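In: coords please:
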Amino acid sequence: MKAEIIWPLVATAVSFSFVVIAMGDDPDESDHLERKFKKSKAAILVDMFKRMPSIWFLKRKAKKLVASLPGYKKFVPLPDSNIIYSWIESLCSTPHRRPGTAENRQAENWIADRFREFGLENVKMDPVEMTVWEAKRWSLTVRGKKIDSFFVVNTGFTDPEGVTAPLVYVGTGKAGDFSKVDVTGKIVVADVPFPEMPYGRLFKTFRMAYAVSDPEGHITKSSKQYLNFVRMNFIGGATAKDAPKNDVYWQAHRRGAKAICLILRDQPSDSNSHYGPYDAIMKPMPALWIGKYDGEELRRLATEGAKADLVLEGSTRPGVMHNVWGVLPGQSEEVILVTSHHDSPFQGAIEDATGTAQVLAQAYAWAKVPKEQRPKTLVFVVDGGHFYGSKGAFEFARKHMDIMKRTKILITLEHLAAKETEERNRKYAETGRLALTIMFTSSDPVVIATVMKAFEKTSPKIVASVPADLFGPVPTSDAAGYVAEAGVPVISWIGCPYCLLDEYDTLDKIEKTELAPISGTVAELIKTYMAMK
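Out: A predicted model of the protein is given here:
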């Protein structure tokens, strides 16, 4: 399935599912979903709850298999947290790793060098073509006062003088909001809400998880968090022709607006450096992100019809990114595929230096295991273009279908060992806990049992194993391309701290001491499949 088709399906499904689980806390959003899916909220909830018996059944079946899973008896010399952290520091030596840039190329070459250093064979950098979009200068000035802002990636550029026009506020951009005002020739101001996932209810009340590892008891029935990668009214993956009616960007464009300012209404800080939607679709109208507190003032000015000057200068050019991969041959051609992505909009300590470093940890360790002690072949991929519609993952699966056909399990690692944060005094503040992580797990009792066994042995903190297709047709992670193209069984371990898509994704957000324990859990997953007949 093409990336340009699956990407919006996944994004829409995630948005839909979490709002439904939240029991319709926002009537406007749930009403929209009701119309979109042509079902009542009751019917939508019934559809979700229909999954629960199958989840419970598979959970019981998998539990019975855990004791019978084979064990791998050989020693696997995993690196310690200091070594893994040093790799993360190296990846974070540039201010960003945006696809197709020199900074991203530096990271790609560094990863390839590590693969060769560890002893992987057939180390390659497969090129993936793309359009490099780069912002050079942006600003928003209203009545002579500059308001902090950040570019919306892949949107239209202005000339150096920018756009000057009155502001107009349209709420979240519902049809009723637009019907009240004329946005022609104006700069639209709109709120962008995030859905809130009540994961405590999901896991504790509805038991919609195959397994939960929470040794410190941090998950309660009231546990919840915003999903700030799901922009409810600007999901992405759409063009002017096929955008949904609630897409505030495309509605403003269709109605003749000159530009748009989008307020991050639910971001738990005053950050405005949101990098999304990263769907690789070039959009014609210039757009800027505004932090939620600066947004309070901007809303007031927009309701007064104040005139503003908006600038977004930049350029586009043909470019290339690379999928970096290598092989550790085993005694058979059956493959255990371990992946992450290397690109990042900012320093990207969590996204995805931690994921890349965890792939490196397994490559480092298993390369020290003699070939005769590796019953299966290991393939390690750190793909490019996660922030370009996840194109790298789709391209790898298409180009290397021979590998995909031999893959017994795909293990994808992203955003791990992140500290949980909350908002205090308009800034991120640490809670002293790890951020929640999810393991999207294929609905196969053997795969589920493999996860259960790893949980029992290593007790990772605050992680839940859920069906890979619980929130969409494929996992909502970088595993999506591999699964969509090849249908491989998957364990996709991914975290969702609030700093993921902004400039605060820095080294201080990593819980360094958890890096080695996480690699230990990943190794247990691999060991089971390594020993499996």
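In: Going by C-alpha atoms from here, please, whenever you check contacts or count neighbours.
Out: Fine.
In: What residues sit buried inside stretch 284-301?
Out: For stretch 284-301, burial by neighbour count (16 or more other Cα atoms under 10 Å) applies to 284-295, 298-299, 301.
In: typo on my end, stretch 155-168
Out: Under 16+ other Cα under 10 Å, the buried positions of stretch 155-168 are 155-158, 162-168.
In: related to what we said a few turns ago, quick one: which of the buried residues of stretch 284-301 sit in strands?
Out: 287-290 (DSSP state E).
In: the bottom helix or strand of this structure by mean pLDDT?
Out: Least confident helix or strand, the chain: helix 27-37 with a mean of 38, by mean pLDDT, DSSP states H and E.
In: Can you name the element that comes right after the strand or helix carrying residue 111?
Out: Using DSSP states H and E, residue 111 maps to helix 102-118. Toward the C-terminus, helix 102-118 is succeeded by strand 121-142 as the next helix or strand (DSSP H and E).
In: which residues make contact with the helix or strand that comes right after that next one from outside it?
Out: For strand 121-142, the succeeding helix or strand toward the C-terminus, using DSSP H and E, is strand 145-147. Residues outside strand 145-147 that contact it (Cα atoms under 8 Å, 6 or more residues apart in numbering) are 139-141, 294.
In: count of neighbours near the nearest residue to residue 112 once chain neighbours are set aside?
Out: Closest residue in space to residue 112, ignoring its immediate chain neighbours: residue 324 at 6.2 Å, by Cα to Cα, 6 or more residues apart in numbering. If you count neighbours by other Cα atoms under 10 Å, residue 324 ends up with 27.
In: repeat for residue 516
Out: 21.
In: Could you pull up the residues touching it?
Out: Listed by Cα under 8 Å, 6+ apart, the contact partners of residue 516 are 78-81, 84.
In: what's the answer for residue 218, then?
Out: Residue 218 makes contacts with 433, 462, as judged by Cα under 8 Å, 6+ apart.
In: now do residue 387
Out: Applying Cα under 8 Å, 6+ apart, the residues near residue 387 are 98-99, 278-280, 343-345.
In: how about the helices in the stretch 201-350 of the chain?
Out: Using DSSP state H, counting those that start in this stretch, the helices of the stretch 201-350 of the chain run over residues 248-254, 292-303.
In: Find the centremost residue of the protein, please.
Out: Nearest to the geometric centre of the chain sits residue 477, at 5.4 Å (Cα atoms, centre = their mean).
In: unless I'm mixing things up, it is touching residue 492, no?
Out: Yes: Residue 477 lies in contact with residue 492 (Cα atoms under 8 Å); the separation is 7.2 Å.
In: Just give me the closest of the buried residues of stretch 155-168 to residue 524.
Out: residue 155 (43.5 Å; Cα to Cα).
In: Now do the SS call for the closest one.
Out: coil (DSSP: H, G, I helix; E, B strand; the rest coil).
In: Tally up the residues packed near the residue nearest to it when sequence neighbours are not counted, please.
Out: Leaving aside its sequence neighbours, residue 155 sits nearest to residue 283 (Cα to Cα, 6+ apart; 4.5 Å). By other Cα under 10 Å, the residues close to residue 283 number 19.
In: could the contacts of residue 516 go into TSV alongside distance to residue 381, neighbour count and pLDDT?
Out: Listed next are these as TSV, based on distance: Cα to Cα, whole Å; neighbours: other Cα atoms under 10 Å; pLDDT from 0 to 100:
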residue	distance to residue 381	neighbour count	pLDDT
78	18	20	98
79	19	18	98
80	21	16	98
81	21	18	98
84	17	23	98
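In: Out of these, which sit inside helices?
Out: Members of the contacts of residue 516 lying in helices (criterion: DSSP state H): 81, 84.
In: Would you mind giving the contacts of residue 516 as TSV with distance to residue 233 added?
Out: Shown next, in TSV, are these (distance: Cα to Cα, whole Å):
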residue	distance to residue 233
78	44
79	43
80	43
81	40
84	38
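In: ok, now which ones touch residue 268?
Out: By Cα under 8 Å, 6+ apart, the contact list for residue 268 reads 422-423, 426-428, 498.
In: Just the CA trace of the helix holding residue 111, in PDB.
Out: Taking C-alpha atoms only, helix 102-118 is exported to PDB below (Å, rounded to 0.1, in the frame of the first residue of the first chain):
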ATOM      1  CA  ALA A 102      23.700  18.100   5.500                       C
ATOM      2  CA  GLU A 103      23.000  17.400   9.200                       C
ATOM      3  CA  ASN A 104      21.000  14.400   8.400                       C
ATOM      4  CA  ARG A 105      23.600  13.100   6.000                       C
ATOM      5  CA  GLN A 106      26.200  13.400   8.800                       C
ATOM      6  CA  ALA A 107      24.000  11.200  11.000                       C
ATOM      7  CA  GLU A 108      23.500   8.700   8.200                       C
ATOM      8  CA  ASN A 109      27.300   8.400   7.600                       C
ATOM      9  CA  TRP A 110      27.900   8.100  11.300                       C
ATOM     10  CA  ILE A 111      25.400   5.200  11.700                       C
ATOM     11  CA  ALA A 112      26.900   3.400   8.700                       C
ATOM     12  CA  ASP A 113      30.400   3.800  10.200                       C
ATOM     13  CA  ARG A 114      29.200   2.200  13.500                       C
ATOM     14  CA  PHE A 115      27.600  -0.700  11.700                       C
ATOM     15  CA  ARG A 116      30.900  -1.400   9.900                       C
ATOM     16  CA  GLU A 117      32.800  -0.900  13.100                       C
ATOM     17  CA  PHE A 118      30.700  -3.500  14.900                       C
END
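In: With that, I have no additional questions.
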